Structures are given as C-alpha cells and as structure tokens.
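Participant: sequence first, predicted model second:
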Amino acid sequence: MCRYQHFTPGCGSTARMTTDEITDLLTEAYIDELETVMNYLTNAIVLDGVHAEEVKESLEDDVQEELEHARRLGNRLKQLEESPPGSAAFEASQSSLQPPEDTTDVQSVIEGVLEAEDEAIETYRALHEAASEANDPVTEDVAVSILSDEEAHRTEFRGFQKEFPTD
Ligand SMILES: [Fe+2]
Ligand SMILES: [Fe+2]
C-alpha cells in the first residue's frame, strides 16, 4: 500500500483517474435513462384493458425512479467536470418499447421493459467495473445503487410476465 504516496515514487498512480470509458458510460446511461422515462411514461398512458392497470401503475412509479437515475448520473458527470448531454446527442434505441398498435397488448410492453432493464443492468455492471479499475469509488457507488434498482424493476416485470404465458 502507498501510505506515503507524496514521498514514494510511483505511488501517485493509485490516485483516482477519470477515464474516458467512465464518462462515456455515464453519458450513455444518462441518455438511456431519459429514453426509458419517455417510453415508460407513454406506455403508462396508452395501455388499455383489465390486465393493464397494475403494469401502468408500476411504469408510472418507475418513471420517477429512472428520472432520479438520470439526475444522479448527470450530477456525477458534473463532478467529473463533464456536462450531461442535451437532446442533440440523443439517439433512440428502444425499438421494442414503442407503444403497441393494439393498446391491450400489455405483454409486448412487458417484454420491452425486460429488454430495457437487461440492457441497463449490463451498462451499470460495465460502469461498476470501469470505476473499480480506475479507483473511483464514488462512481462505483452510483453504479451499484442504480444497478440494485434496475434488478428490482426486472424482478417486478418478470412477475408480470408470469401472468402472460407465451404459447
Ligand atoms: Fe434506471
Ligand atoms: Fe429500471
């Protein structure tokens, strides 16, 4: 360990280093969260039918959580002396979360949510790994805390999926 890093040659390398990989992942995750907010909000509004109510309520709750994720990521970028992007940098990617033509097709929205949550989980795992390698515990903490929310969302929608067996 480098207890006296100011005096020991080579020990400065243990200091936190912000890498491009970290800021790229934070930026990508920020954009993904905002796309998720838009699609969860839209689907919470458009779905119809007796099977839709619980899913709509859950989407509505998750909109607030995903927005909070974006806020945390944006603030972390600011702390790292970067800016979160505006809409000019936006590229849509969630094709499976577009509102279904048949507004009673709750199942397709559930599948879309599961896909989005899986992707988010992958991104936060990658962010955690990059932050850990760069000795950046604050970004690690952001990644782990959001990752835990995304796993909870996935579990909830896996529960909904069980009510709609694929045939
Ligand atoms: Fe999220
Ligand atoms: Fe989520």
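Facilitator: Cool, the structure landed. Ligands and ions are numbered 1, 2, ... in the order given.
Participant: name the residues of the chain found near ligand 2, please.
Facilitator: Residues of the chain lying close to ligand 2 (Cβ under 5 Å from the ion) are Glu150, His153. For the C-beta atoms, the positions are set from N, CA and C on the backbone; glycine is no exception.
Participant: spatially central residue in the chain, please.
Facilitator: Ala120 (4.3 Å; Cα atoms, centre = their mean).
Participant: so which helix or strand takes in that one?
Facilitator: helix 106-133 (DSSP states H and E).
Participant: do the same with Val138
Facilitator: helix 137-162.
Participant: could I get the pLDDT score of His51?
Facilitator: For His51, the model assigns a pLDDT of 86.
Participant: so it sits against Val109, correct?
Facilitator: No. Contact criterion Cβ atoms under 8 Å: His51 and Val109 do not qualify, at 10.6 Å.
Participant: those two: who's more crowded?
Facilitator: Set His51 next to Val109 and count neighbours by other Cβ atoms under 10 Å: Val109 wins out with 28 against 16.
Participant: hang on, the earlier thing: flag every buried residue along the helix holding Ala120.
Facilitator: By neighbour count on 16 or more other Cβ atoms under 10 Å, the buried set for helix 106-133 is 106-114, 116-117, 119-121, 123-124, 126-128, 130-131.
Participant: now stretch 73-82
Facilitator: Leu73, Gly74, Arg76, Leu77, Leu80, Glu82.
Participant: mind listing what the nearest residue to the third one once chain neighbours are set aside touches?
Facilitator: Counting by Cβ to Cβ, 6 or more residues apart in numbering, Arg76 lies nearest to Val142, which is 5.3 Å off, once chain neighbours are set aside. Contact analysis of Val142 by Cβ atoms under 8 Å, 6 or more residues apart in numbering lists Arg72, Leu73, Arg76, Leu127.
Participant: repeat that for Arg72.
Facilitator: Val142, Ser145, Ile146.
Participant: look at Val63 and report its pLDDT.
Facilitator: At Val63, pLDDT is 98.
Participant: distance from the chain centre to the helix or strand harbouring it, please.
Facilitator: Applying DSSP H and E as the criterion places Val63 in helix 53-79. Averaging C-alpha positions (Cα atoms, centre = their mean, to the nearest Å) puts helix 53-79 8 Å from its chain's average.
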